[in-house]
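Student: Give me the fold of what follows.
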Amino acid sequence: MENLVNIFVKSIFVENMVFAYFLGMCSYLAVSKTVKTSVGLGLAVVFVLVITVPIDYLIENYLLAEGALVWLSPELADVDLGFLRFILFIAVIASMVQLVEMIVEKVSPTLYANLGIFLPLIAVNCAILGGSLFMAEREYANIAEATTYGFGSGIGWFLAIVGIAAIREKIKYSNVPAPLKGLGITFIITGLMGLAFMGFMGIEL
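Tutor: Coordinates of the predicted model:
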């Protein structure tokens, strides 16, 4: 249990997808104009990561990794299908994003309209694929650890986009120099938030 908590906290603060790896920046910058749309997209990203990371964990450990097919036959112990990793991971992500898109359109048509093209573009959000690839690279011991990592990564991305959206709503009323208005000041604030999150690296987990 302690290990799961460590993975969860670390994936949110120490290895934040946005502030540590700068993954998913296109959606992060484009949709973070209002808190409402940011919350919607953030929750969608959390949902997709929670579903896709454990599915990709099973695919990695029972299909793709070297020796993963030994459960089918001892003769397949030397088979390595790792070259299919990107294709299968992206296929799983695209399927889950399609499911999320259908749910959001049915439950909240207004949010669906506000998110626009960026909802289906979750399928090519590098933070989603990054979650699955980091999971495979770190070789988590079981599906519980992989799921915890996926959930924590999603929460980290959610906090990042909601945080920047809240700040952007406030700075609309601030006296920002003309050359820095819009994306300019957003990049500066993102850098400062990244520096702040680097402080969490001192936590011993």
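Student: drop to CA atoms for contacts and neighbour counts, all remaining ones
Tutor: Fine.
Student: Kindly check the end-to-end length of stretch 174-181 for me.
Tutor: 10 Å (CA to CA, to the nearest Å).
Student: Can you tell me what sits against it?
Tutor: Applying CA atoms under 8 Å, 6 or more residues apart in numbering, the contact partners of stretch 174-181 are Ile185.
Student: in the chain, what spans have low per-residue confidence?
Tutor: For the chain, residues meeting the criterion pLDDT under 70 lie at 202-205.
Student: In it, what residue spans correspond to strands?
Tutor: Ranges of strands in the chain, per DSSP state E: none exist.
Student: quick one, which residue of it lies the farthest from its center?
Tutor: Using CA atoms, centre = their mean, the residue of the chain lying farthest from its centre is Glu75. It sits 37.1 Å away.
Student: if we look at stretch 183-201, which residues are touching it?
Tutor: Here stretch 183-201 has contacts from 13-14, 18-20, 29, 164, 168, 176, using CA under 8 Å, 6+ apart.
Student: Any chance of a markdown table for those, columns distance to Val48?
Tutor: Listed next are those as a markdown table, based on distance: CA to CA, whole Å:
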| residue | distance to Val48 |
| --- | --- |
| Phe13 | 19 |
| Val14 | 21 |
| Val18 | 16 |
| Phe19 | 20 |
| Ala20 | 20 |
| Leu29 | 19 |
| Ile164 | 21 |
| Arg168 | 26 |
| Val176 | 36 |
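Student: need those residues in CSV with neighbour count and distance to Gly194, can you?
Tutor: Output for those, formatted as CSV (neighbours: other CA atoms under 10 Å; distance: CA to CA, whole Å):
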residue, neighbour count, distance to Gly194
Phe13, 25, 10
Val14, 20, 10
Val18, 23, 8
Phe19, 24, 4
Ala20, 15, 7
Leu29, 17, 14
Ile164, 22, 11
Arg168, 21, 16
Val176, 13, 21
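Student: what two of these are the furthest from one another?
Tutor: Val14 and Val176 (30.4 Å; CA to CA).
Student: Can you give me the buried ones in the top helix by length along the chain?
Tutor: Longest helix of the chain, by residue count under DSSP state H: helix 143-171. By 16 or more other CA atoms under 10 Å, the buried positions in helix 143-171 come out as 143, 145-168.
Student: Then stretch 100-113?
Tutor: So stretch 100-113, judged by 16+ other CA under 10 Å, has buried residues 100, 104, 111-112.
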